[in-house]
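Chemist: just the structure for this:
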Amino acid sequence: QVQLVESGGGSVQAGGSLRLSCTTSGFTFSRYNMGWFRQAPGQEREGVARMNILGSSISSDSVKGQFTISRDNAKNTLYLQMNSLKPEDTAMYYCADTLRWTFSPGNYDYWGQGTQVTVSA
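Modeler: Presented below is the predicted three-dimensional model:
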């Protein structure tokens, strides 16, 4: 069955970095666009970066220049490099797959369980 498993979250101080991974199985990873989302308590799920099957990517304005999405099709894995982290980046981070090109969560098919990122001031 389709599985997406995020890892790499943790607690860091402001200014620090983390690299999230999303290991996938059960579908042909290279044929799907992929996205990273985050959700803080009491807030809606927000798309932060997405990458298509050709390797082109878009980041949200809130993380542009700060977060970098990448993928390794040989390893069926999606990454999110997060630099210069701020307390407002604190959230649960999720990866998901889609055949569309959008940040709308409703257009993504399968989701991981999430990995928590906590940034202290």
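Chemist: thought Val48 was touching Trp36?
Modeler: Yes - the criterion here is C-beta atoms under 8 Å, and Val48 meets it with Trp36 at 5.1 Å. Where C-beta positions appear, they are placed from N, C-alpha and C, glycine not excepted.
Chemist: which neighbours do these two share?
Modeler: Contact with both Val48 and Trp36 is made by residues Phe67, Leu80, Tyr93, according to C-beta atoms under 8 Å, 6 or more residues apart in numbering.
Chemist: Produce a PyMOL select command limited to the buried residues of those residues.
Modeler: For the buried members of the shared contacts of Val48 and Trp36, the matching PyMOL selection, counting by 16 or more other C-beta atoms under 10 Å, is:
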select buried, resi 67+80+93
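Chemist: nearest to Ser7, of the shared contacts of Val48 and Trp36?
Modeler: Tyr93 (10.2 Å; C-beta to C-beta).
Chemist: next up, the contacts around the residue lying closest to that closest one once chain neighbours are set aside.
Modeler: In space, and not counting its chain neighbours, Tyr93 is closest to Arg38: 4.9 Å by C-beta to C-beta, 6 or more residues apart in numbering. Contact partners of Arg38, counting by C-beta under 8 Å, 6+ apart, are Arg45, Glu46, Val48, Asp89, Ala91, Met92, Tyr93, Tyr94, Val117.
Chemist: try 7 Å this time
Modeler: Residues in contact with Arg38 (C-beta atoms under 7 Å, 6 or more residues apart in numbering) are Glu46, Val48, Ala91, Met92, Tyr93.
Chemist: strands of the chain, residue ranges please.
Modeler: For the chain, the strands defined by DSSP state E cover 3-7, 10-13, 18-25, 33-39, 46-51, 57-59, 67-72, 77-82, 91-98, 115-120.
Chemist: quick check: buried residues in the fourth one?
Modeler: Read that as strand 33-39. Neighbour-count burial for strand 33-39 flags Asn33, Met34, Gly35, Trp36, Phe37, Arg38 (criterion: 16+ other C-beta under 10 Å).
Chemist: I'd assumed Tyr93 was in contact with the fourth one.
Modeler: Right, Trp36. Yes - counting by C-beta atoms under 7 Å, Trp36 does reach Tyr93; the two are 6.4 Å apart.
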